[in-house]
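Engineer: how would this look folded up:
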Amino acid sequence: MNLIDMTDEERYAMMRKRHAFLSETVKGYTSLEEYARDKEEWFAILGIALTLGDDCISLYNYIEYNNYEDYYVVPTADGRLAVSHVIWWQDPYCANDVFNIFTEKSVDDEDILTTY
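Structural biologist: You can find the predicted model right below:
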């Protein structure tokens, strides 16, 4: 399967599938540190780089041909962890973009922590 030679709609659908997959991995977690400790090696085996930051966890997914999608695990207002709807990615025009995978619109990077 060529992961980038897709129509825009196919690519967005794949992003939402990745989001759903990642969302399953955060169920039951309330701590970024605990999630990072439990999942770091697991993601490394899958080829996804997990980076624990101060406010969130970055899950860097190399697609192919230097394309990437960077998903974020964020704490929610009710204390759970969630996967943000906002990602960094390389768009079809080879530009780095902050993008909401459900609205299909470019957004500000501040939205990463508040849109889930």
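
Engineer: Would you mark the buried spots in the top helix by length along the chain?
Structural biologist: For the chain, the longest helix by residue count, based on DSSP state H, is helix 8-26. For helix 8-26, a neighbour-count test (16 or more other CB atoms under 10 Å) marks 11, 14-15, 18-19, 22, 25-26 as buried. For the C-beta atoms, the positions are set from N, CA and C on the backbone; glycine is no exception.

Engineer: tell me the secondary structure for the most centrally placed residue in the chain?
Structural biologist: Per CA atoms, centre = their mean, the C-alpha nearest to the average position across the chain is that of Y71, at 1.4 Å. Put simply, Y71 is strand when judged by DSSP: H, G, I helix; E, B strand; the rest coil.

Engineer: can you offset everything so residue one is 27?
Structural biologist: Yep, numbering from 27; the last one is Y97 now.

Engineer: how about the nearest residue to it, chain neighbours excluded?
Structural biologist: Excluding its sequence neighbours, the residue lying closest to Y97 (CB to CB, 6 or more residues apart in numbering) is L85, at 4.4 Å.
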